[in-house]
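>>> generate coordinates for the sequence data below:
(2 chains)
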2 protein chains.
Amino acid sequence: MDMLPVMAELSQKTPSKILLVVLDGVGGLPKAFGGATELAAAHTPHLDALAQRSALGLLTPVYPGLAPGSGPGHLSLFGYDPFQYLVGRGALSAIGIGADFQDGDVGVRGNFATLDKNGLIVDRRAGRPSDAENVRVVGRLEAAIREIDGVSVRFYTESEHRFVVILRGEGLGEHVTDTDPQKTGVPPLAALPKDSSDPKSQRTATVLNRLSERIREVLADEPQINGALFRGISERPRFPLMSEVYRLTPACIASYPMYKGLASLVGMEVLAVEGVEDAPEGKVKALQTHWDRYDFFYLHFKKTDSTGEDGNFEEKVHKIELFDHLLPELLALKPDVLAITGDHSTPSMLKAHSWHPVPLLLHAPYLRNDPAQRFTEDEAARGSLGHLRGVELMPLLLAHAGKLQKYGA
Amino acid sequence: MDMLPVMAELSQKTPSKILLVVLDGVGGLPKAFGGATELAAAHTPHLDALAQRSALGLLTPVYPGLAPGSGPGHLSLFGYDPFQYLVGRGALSAIGIGADFQDGDVGVRGNFATLDKNGLIVDRRAGRPSDAENVRVVGRLEAAIREIDGVSVRFYTESEHRFVVILRGEGLGEHVTDTDPQKTGVPPLAALPKDSSDPKSQRTATVLNRLSERIREVLADEPQINGALFRGISERPRFPLMSEVYRLTPACIASYPMYKGLASLVGMEVLAVEGVEDAPEGKVKALQTHWDRYDFFYLHFKKTDSTGEDGNFEEKVHKIELFDHLLPELLALKPDVLAITGDHSTPSMLKAHSWHPVPLLLHAPYLRNDPAQRFTEDEAARGSLGHLRGVELMPLLLAHAGKLQKYGA
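Below is the predicted model of the structure:
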């Protein structure tokens, strides 16, 4: 059930402030059954002290067993059911690379492919070229193709065989089939409107088919990267904004394009952060600078995920300790409601996003007692908040902040 | 998902008896983090002993973060998903005041308002008159307006600026817009059918617009209460009955109109209770008198909620102790399944309904082990039943009572 209409009815503006800290992929696993997870192995005096006056619980980000990508994981934390608020693959790629991607644009995920002289697909990933090769070929396309039928066409490099195309123009639609046939020995498919009576999708399909031809013409002299397959043709989604749904004035403090993009989809203002890469100090500074102007802050730290994906247990422990070091500065701002959690687990042992629930720490007024001594997965599993879904977090934060009216008389 | 059709398929009539005790608003909060809640502070020897041979758990009444009103809170406990089984505001007010409100009637929540000489709204609540003023003005309306276009019109006082109108006649409908514009400086809106091809709602709108005029004529000489705004125009809901859905012969033992009304919506027989106000002894006597004639009893105690709403921690503790004192008489009846819980929490610290889960005690055959020593929120959070939604309670009670067949072959 989509709870956003209910939230829109019950939410009220108040001066209280909510700080949602997302330690990306923070949930982990022990190296062996019975051992310490990354959180348990970390030396975290400030988190420990906070846990002792907070309530803990576990969040299943999307559904038991599902390892969510950044999109569904974050949308859930923002209270948007990811099964109802869908972001197409092209749109998510465009958001993930920080492309200029606006309302009405159509984003397309492209795969470079190798075609034979009859136009049949030999390799759907063009031999997995290097990122440098990708950049070179995308440069050739950018120089040669600027518009088709009055629709502006922009190319963005992603990695290896992956690139993104953004179409901008009047009257484009997203209900268009992929051109990737998902097999070799056949030609690329023609893009087709899913509903032939939909002129916007018809126009988009025509542009994409013309674009396929133009790419083959421009890359005709390339030995390997001489074709392209299109997937996940999608408009930038138009989601209800957090200002409408929750009556919040929300801000995002993040460094990487994907998280800034997801935050902007739900209407957060993306604040500038000083510093390079994850820039933890710059983020804390941004929070301090803008503290008075917003009543909801989404504060994202990336490296707990990247170190987990690298399979580097000790380095993930270190990134958790780095956050612990910053925690007193967050507490000094005295948020009315502070939640610390992850968008999913990224156990170093798996080197990947996983389906394991993520620990949640809630520091707020009106808490019941909780036995927690530390912020770990084990203590969270015994926490007084119990097991919740990711999408259930926002109503809880709003309630503790005094921002939700009674439901029904 | 609406589980009632599944329940209707699986439920079977058996002689076993279920007693559902609702201590209204029983869930609480400690005065400070780490302290005792009202339940923990109470001296409850009988509940303690019962808890030691029962299973505990937590119920989230409706949804995490949502503080439910009596309507959604109780419908959930009766197994009716309150997001699917909706009671309009006018119907709930009519039920809450114990009005004569039957199938086909339309209930309307009225607000007295002050209008200026041009008919523009000056005050949407007519200066929040005293209850006595409200009674006086409702008396004038009752005397002057008995019917409009063959539709009988009855007025009921509620409190301050609030009153209830019940329309009774052939061919009335509920799909009619409010006349309250939710702002001042404009005239009241005309009631309009939401679908112009619906003659029932058209007729109701016509009657309500004529009623607005008649109220202004009758109250023209009043200095402050000289108009009315209508909201939440709604028929008495027609819900599946517990006898159909669960094959139960259910009875309600409650003192206040709201709870008797909600019970009658799901088809419970409302038993007479001797005594004034909450009449706890009268309720136990009613239970004893009628024990043989029903197989499901909903036994409601109100004062744990009212003392919580008053912010009177000690008095709420006292009301819990009063219930503890009555408990042996309930146990002496030997219900096959006994559940003790609340429809929502009403922590004295909040002086209001809250979103916190409510503790559940289940004394029944076929329980697993449970470490509980007392019936408190903390022990319930560690209970063997885990965390459930309110709407999940009824299937559990029916199962322990041997009233549910296997689902699927």
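>>> tell me the pLDDT of A:S159.
Here, the pLDDT recorded for A:S159 equals 89.
>>> same deal with the one 5 residues further on?
Here, the pLDDT recorded for A:V164 equals 97.
>>> can you pull the domain assignment for chain A?
The record's domain parsing of chain A by automatic domain parsing lists A:4-85+A:239-400, A:91-235.
>>> how about the CA coordinates for stretch A:322-340, as CSV?
Extracted in CSV, the C-alpha atoms of stretch A:322-340 (Å, rounded to 0.1, in the frame of the first residue of the first chain):
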residue,chain,number,x,y,z
LEU,A,322,35.9,7.8,11.1
PHE,A,323,32.2,8.5,11.4
ASP,A,324,32.3,7.8,15.1
HIS,A,325,34.9,10.6,15.3
LEU,A,326,32.5,13.0,13.6
LEU,A,327,29.5,12.1,15.7
PRO,A,328,30.0,14.6,18.5
GLU,A,329,29.8,17.5,16.0
LEU,A,330,26.4,16.1,14.8
LEU,A,331,25.1,15.8,18.3
ALA,A,332,26.2,19.3,19.1
LEU,A,333,23.6,20.6,16.7
LYS,A,334,21.0,18.9,18.9
PRO,A,335,18.7,17.5,16.3
ASP,A,336,15.3,16.7,17.7
VAL,A,337,15.3,13.3,16.0
LEU,A,338,18.5,11.6,14.9
ALA,A,339,18.4,8.3,12.9
ILE,A,340,21.6,6.5,11.9
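>>> buried set for it?
A:322-324, A:326-327, A:330, A:335-340 (16 or more other Cβ atoms under 10 Å in any protein chain shown). Where you see a C-beta, it was placed from the backbone N, CA and C, and this is true even at glycine.
>>> what's the closest residue to chain B within the stretch 101-250 of chain A sitting at in phi/psi?
Taking Cβ to the nearest Cβ, chain B has its nearest neighbour within the stretch 101-250 of chain A at A:Y246, 11.2 Å off. The phi/psi pair for A:Y246 (degrees, to the nearest 10) reads phi -110, psi 0.
>>> okay, it: pLDDT?
Looking at A:Y246, the pLDDT reads 98.
>>> looking at the domains of chain A, which is buried most?
domain A:4-85+A:239-400 (a mean of 20; mean count of other Cβ atoms under 10 Å in any protein chain shown).
>>> for the residue nearest to A:P45 when sequence neighbours are not counted, which three-state class applies?
Distances taken as Cβ to Cβ, 6 or more residues apart in numbering or on different chains put A:D324 closest to A:P45, at 6.9 Å, once the chain neighbours are dropped. Following DSSP: H, G, I helix; E, B strand; the rest coil, we place A:D324 in the helix state.
>>> A:D324 touches A:L39, doesn't it?
No. A:D324 is beyond contact range of A:L39, at 10.2 Å (criterion: Cβ atoms under 8 Å).
>>> what does chain A put close to chain B?
Neighbours of chain B within chain A, by Cβ under 8 Å from any Cβ of the partner chain: A:1, A:3, A:6, A:10, A:53, A:366-369, A:382, A:384, A:386-388, A:392-399, A:404-409.
>>> okay, and the closest residue to chain B within chain A sits in which element?
In chain A, the residue found nearest to chain B is A:P395; the distance is 2.8 Å by Cβ to the nearest Cβ. Assigned by DSSP states H and E, A:P395 belongs to helix A:393-400.
>>> how far off centre is that helix?
The gap between where helix A:393-400 is centred and where its chain is centred comes out at 21 Å by Cα atoms, centre = their mean, to the nearest Å.
>>> strands of chain A, start to end?
Per DSSP state E, chain A carries strands over the ranges A:18-23, A:55-60, A:106-115, A:121-123, A:147-148, A:151-159, A:162-168, A:227-235, A:250-253, A:269-270, A:296-301, A:337-341, A:358-363, A:386-389.
>>> tell me the strands beside the first one, with direction?
In its sheet, strand A:18-23 lies beside strand A:296-301 (parallel), strand A:337-341 (parallel), with partners assigned from DSSP bridges.
>>> do the longest one as well
Strand A:106-115 has its sheet partners listed here by DSSP bridges as strand A:121-123 (antiparallel), strand A:162-168 (antiparallel), strand A:227-235 (antiparallel).
>>> could I get it in CSV with only the CA atoms?
Output of strand A:106-115 as CSV, limited to C-alpha atoms (Å, rounded to 0.1, in the frame of the first residue of the first chain):
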residue,chain,number,x,y,z
VAL,A,106,14.3,10.8,-21.8
GLY,A,107,17.3,8.8,-20.5
VAL,A,108,18.5,5.7,-22.2
ARG,A,109,21.1,3.2,-21.1
GLY,A,110,23.3,2.3,-24.0
ASN,A,111,25.6,-0.7,-24.4
PHE,A,112,28.3,-0.6,-27.0
ALA,A,113,28.2,-3.8,-29.2
THR,A,114,30.1,-5.4,-32.0
LEU,A,115,28.2,-6.0,-35.2
